[in-house]
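> Any chance you could fold what I've pasted below:
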Amino acid sequence: MTSTILTTAQAHPNHILRSDGSCPAEPNIFLAGGKGIPENLRMHRVEHFTDRVKFHVENRYEHFEATTEVRHVDGRSLRVYSWIYRTYIAE
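From the prediction side, this is the model:
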């Protein structure tokens, strides 16, 4: 099983640069479910689709698993990752 860690910077398309440093890359995944995640932080860009992603939010990681669902948002087709559980960062 493969996993990717996401940060809040990846949720903002104008902060995601392509590998060549050119124009921003478009989001290609949508994070569904979970509590306390603002709607504007649910779309992300990943280079490679993985089985799971974990999203760093404040003092925790929200874990999501890939589904076969596709969600259409603002004219984009986004692969949906569904929330499965949360872990907290130890201090």
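
> Not counting its neighbours along the chain, what's nearest residue 34?
Excluding the flanking residues, the one nearest residue 34 by CB to CB, 6 or more residues apart in numbering is residue 83, at 3.6 Å. The way it works is simple: take the backbone N, C-alpha and C, and place the C-beta from them, glycine included.

> Touching the helix or strand where that neighbour lies from outside, list them.
Element membership for residue 83, per DSSP states H and E: strand 76-88. Applying CB atoms under 8 Å, 6 or more residues apart in numbering, the contact partners of strand 76-88 are 26-34, 43, 49, 52-54, 59-67, 69-72.

> now do 6 Å
Taking contacts as CB atoms under 6 Å, 6 or more residues apart in numbering, the residues outside strand 76-88 that touch it are 29-34, 53, 60-67, 69-71.

> Separate out the buried members of the residues you listed.
29-32, 34, 53, 61-66 (16 or more other CB atoms under 10 Å).

> In CSV, list those residues along with pLDDT, secondary structure and distance to residue 89.
As requested, these are exported to CSV (pLDDT from 0 to 100; DSSP: H, G, I helix; E, B strand; the rest coil; distance: CB to CB, whole Å):
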residue, pLDDT, secondary structure, distance to residue 89
29, 92, strand, 22
30, 94, strand, 24
31, 94, strand, 18
32, 96, strand, 23
34, 93, coil, 16
53, 93, strand, 16
61, 91, strand, 7
62, 93, strand, 12
63, 95, strand, 13
64, 95, strand, 17
65, 96, strand, 20
66, 95, strand, 23
